[in-house]
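In: Sequence and computational prediction follow.
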Amino acid sequence: MKNIKLVRVDFRLIHGQVITKWKNIIAANQIIIVDDKLAKDPFLSDIYVMAAPPDVAVHVLPEDDFVAKVQQGTFDDGSSNVLILFKSIGNVRRIVEKGVPFSELQIGGLGGGENRKTVVTGVSIDTNDLEDLKFMQSKNVNVHFQVTPEEAKVGLDKAISKLGG
């Protein structure tokens, strides 16, 4: 998985910050959106493909297809810099449970709502998210919260203490 330069949870998926900041930080020339529902919707998938600059290939994959590509070594040839995007923390947990060994996970944008608590500006989680993140940390995934590159990373342990959990 040496081609995978950033794994990010951001409910907005491809948007201004991802394209103007994170894409450039990691020199991404490929973005993979992993989402079962979106992969079944060609119209919405095309919107995300068109939202990226022409020098970036965008692929929308269902979870099982992504796992298969990882197992086949698709992201190991060193030929590209890949940004992986997920809409939710639960999506990532399912991928980790299927044996994909992410070393790092960036939580970058999750909206507020009922029973959600703000971890950093622009990122709110609920108790299910917190349990999923703790699970991933137990699988040696380094979890941090960071909306933009200019902001400091906030580690999961610091977030847990802030949330009182």
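Out: Nice, thanks for sending it over. Residues are numbered from 1 along each chain as shown.

In: switch to C-alpha atoms for all contacts and neighbour counts from now on
Out: Noted.

In: Against which helices or strands is the helix or strand harbouring residue 158 packed?
Out: Assigned by DSSP states H and E, residue 158 belongs to helix 156-163. Applying 3 or more Cα pairs under 8 Å, 6 or more residues apart in numbering; DSSP states H and E, one finds that helix 156-163 contacts strand 117-120, strand 142-145.

In: average model confidence for the following helix or strand past the first one?
Out: Later in the chain than strand 117-120, the nearest helix or strand by DSSP H and E is strand 123-125. In this model, strand 123-125 has a mean pLDDT of 92.

In: Can you list the helices and strands that strand 123-125 packs against?
Out: Counting by 3+ Cα pairs under 8 Å, 6+ apart, strand 123-125 packs on strand 104-109, strand 117-120.

In: Enumerate every residue touching residue 9.
Out: 85, 86, 87, 88, 89, 92, 105, 106, 107, 108, 109, 110 (Cα atoms under 8 Å, 6 or more residues apart in numbering).

In: Residue 77 and residue 46, how far apart?
Out: Distance from residue 77 to residue 46, counting by Cα to Cα, to the nearest Å: 27 Å.

In: Compare those two (neighbour count), which wins?
Out: residue 46 (15 against 10; other Cα atoms under 10 Å).

In: re earlier: may I see the helices and strands packed on strand 123-125 organised as JSON lines, with distance to residue 151 added?
Out: Listed next are the helices and strands packed on strand 123-125 as JSON lines, based on distance: least, Cα to Cα, whole Å:
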{"stretch": "strand 104-109", "distance to residue 151": "11"}
{"stretch": "strand 117-120", "distance to residue 151": "10"}
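
In: looking at these, which is buried most?
Out: strand 104-109 (a mean of 22; mean count of other Cα atoms under 10 Å).

In: quick check: angle from it to helix 156-163?
Out: Counting by axes from the mean of the first three to the mean of the last three Cα atoms, to 10 degrees, strand 104-109 lies at 40 degrees to helix 156-163.

In: Which residue comes closest to residue 147 once chain neighbours are left out?
Out: residue 108 (4.2 Å; Cα to Cα, 6 or more residues apart in numbering).

In: Check that neighbour and give its pLDDT.
Out: Reported pLDDT for residue 108: 94.

In: What is the helix or strand containing residue 43 packed up against?
Out: Element membership for residue 43, per DSSP H and E: helix 42-51. Applying 3+ Cα pairs under 8 Å, 6+ apart, one finds that helix 42-51 makes contact with helix 36-39, strand 57-61.

In: Flag the shaky bits of the protein, pLDDT-wise.
Out: Scanning the chain for pLDDT under 70 picks out 164-165.

In: Pull out the buried residues from the longest helix belonging to the chain.
Out: In the chain, with assignment by DSSP state H, the single longest helix is helix 127-138. Going by neighbour count (16 or more other Cα atoms under 10 Å), the buried part of helix 127-138 is 129, 130, 132, 133, 134, 136, 137.
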